[in-house]
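>>> give the three-dimensional model of this entry:
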Amino acid sequence: MPFVIYTAPNFTENAVQFIRTLANVPDVRLGLLSQEPKEWLPNDIQARLAAFSRVDDVFDAVQIEASARLLASQQGQIHRIIGAVEQAQVPVAQVREHLGIEGMGVEAALNFRDKGRMKNLLQAAGLPCARHRKVTSKKEALAFAKTTGYPLVVKPPDGAGSLATFRANNEQELAKALEINAPRPGHEVLLEEFIIGHEHSFDTFSLGSKPVFHSLTQYFPNPLEAVREPWIQWQVVLPREVGSPPYDDIRAAAYRTLDVLGMETGMSHLEWFRRPDGSLAISEVAARPPGAQITKLISRANDFDSVEAWARLMIFGEFQVPQRKYAVGAAYLRGQGQGKVREVLGLQRVEAEVGHLVTDVKIPKPGQEKSLSYEGEGYIILRHPDTEVVKEALNRVVSTVRVVLG
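Have a look, this model is predicted:
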């Protein structure tokens with residue numbers, strides 16, 4: 001049986017799902033590298049692990065390689081080493097190259113991880129993306145702003161999930177964002193023009209450099225707006241009509257983007273905008289499964305397990321294309337104000353009105369800490385064959401359910 005190593009920094013709810021799925025793939029021996037002790041995992045997962053090694057920093061290629069060599073001495077040749085976290089992609093690729101393990105190499109991993117490098121490659125290939133510049137000082141930032149104008153997006157080149165990302169509407173807000181990100185030689189900050197439009201994602205399974213399946217989402221509103229406005233209850237919709245003509249342009253652009261960046265076998269998460277004039281702008285791409293419950297949404301839309309499909313793709317290089325059956329959406333339950341969750345209002349009304357559409361829920365629990373993310377403290381996932389029915393039901397959820405903090 002092939003021996004596969006998976007890297008996971010912490011045992012979050014999402015990480016546990018991925019580890020459990022990998023551990024249950026038939027005819028695979030799973031080794032796990034993590035910063036947390038194995039005993040923190042559920043007992044059923046512990047029993048399924050063939051090997052485990054705890055490291056101080058799972059994003060340090062030297063530590064990953066040392067632990068991988070140790071586990072290989074116990075279990076035999078490593079068939080694959082993989083990870084689903086954005087920050088792990090480059091160090092894991094370095095270890096693959098050092099140990100001669102099949103999978104994405106360092107240059108391709110850097111193309112996806114370094115967003116400034118990524119945009120340079122996309123622009124050179126004639127693909128639509130925001131004007132951008134890496135800066136090492138406030139002076140360089142102000143010069144770029146003078147050329148491009150406001151608003152601007154300020155973020156680290158290796159950021160993920162809108163972390164440390166800010167919108168600057170004027171010079172004062174730019175200066176404040178630069179105080180937080182502090183550009184300097186060796187620690188650049190990425191500036192981009194702020195794209196006006198509706199934001200989406202395009203999520204792809206690729207095998208042998210060929211896209212074999214895709215899904216896409218619509219964000220309501222754009223994540224950066226949700227970050228700026230704490231009162232917003234974020235929504236994500238997966239329309240059923242992913243193969244329809246209105247998406248022909250992004251399908252072609254996304255596939256070309258993956259080719260330019262060097263995607264071979266794996267899952268990718270591309271974020272893009274539809275401008276008011278109908279044109280496209282690619283924001284950025286990650287060479288890993290999407291977060292924000294999007295893998296679960298893809299599973300529900302196609303009646304298959306997308307995490308298991310990713311695992312088999314990465315381990316065995318195989319993928320069975322599912323059929324799109326539903327539109328699916330998630331309403332993220334976000335508490336207002338400060339403090340811990342006190343109560344959740346409106347659930348009975350939602351159950352009465354749209355309960356027949358619900359597939360998954362995570363209801364915030366009293367005493368739960370307020371989330372630092374725009375995804376909030378919980379979610380409700382709905383599905384129906386008609387996309388408009390899903391959108392209307394999501395609006396009912398976010399207008400009815402209220403997470404009370406205090």
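
>>> what sits against L70?
By C-beta atoms under 8 Å, 6 or more residues apart in numbering, L70 lies in contact with S53. From N, CA and C alone the C-beta is placed, and that goes for glycine too.

>>> mind checking what secondary structure it has?
Three-state call for L70 (DSSP: H, G, I helix; E, B strand; the rest coil): helix.

>>> go on, the one 3 residues further on?
When states are read from three-state DSSP, the local structure at S73 comes out as helix.

>>> pull the contacting residues for it.
Contacts of S73 (C-beta under 8 Å, 6+ apart): none.

>>> can you give me the pLDDT of it?
On pLDDT, S73 comes in at 96.

>>> go on, N111?
96.

>>> measure it to T257 for me?
Computed as C-beta to C-beta, to the nearest Å, the N111 to T257 distance reads 10 Å.

>>> which one's more surrounded, the two?
T257 (26 against 20; other C-beta atoms under 10 Å).

>>> ok so the more buried one is a helix residue?
Yes. Assessed by three-state DSSP, T257 belongs to a helix.

>>> that one is in contact with E284, isn't it?
No. Using C-beta atoms under 8 Å, T257 is not in contact with E284; the gap is 9.9 Å.

>>> common neighbours of these two, please.
In contact with both T257 and E284: L270, using C-beta under 8 Å, 6+ apart.

>>> buried residues in the helix or strand of the chain with the lowest mean pLDDT?
Here the helix or strand of the chain ranked lowest by mean pLDDT, DSSP states H and E is helix 223-228, holding a mean of 76. Residues of helix 223-228 classed as buried under the neighbour-count rule (16 or more other C-beta atoms under 10 Å) are P223, L224, A226, V227.

>>> same check, this time on stretch 41-54
So for stretch 41-54, counting by 16+ other C-beta under 10 Å, buried means L41, I45, R48, L49, A50, A51, F52, S53.

>>> got a list of contacts for it?
So stretch 41-54 is in contact with 3, 11, 16, 19-20, 23-24, 29-39, 67, 70-71, 74-75, going by C-beta under 8 Å, 6+ apart.

>>> if we use 7 Å, what do you get?
3, 11, 16, 19-20, 23-24, 29-35, 37-38, 67, 70-71, 74-75 (C-beta atoms under 7 Å, 6 or more residues apart in numbering).

>>> quick revisit: CA atoms only: put the following helix or strand past the least confident helix or strand of the chain into CSV for me.
The helix or strand immediately downstream of helix 223-228 is strand 235-238, counting by DSSP states H and E. Taking C-alpha atoms only, strand 235-238 is exported to CSV below (Å, rounded to 0.1, in the frame of the first residue of the first chain):
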residue,chain,number,x,y,z
GLN,A,235,-23.4,34.6,1.3
VAL,A,236,-21.9,32.2,-1.3
VAL,A,237,-23.9,30.7,-4.1
LEU,A,238,-22.9,27.9,-6.5
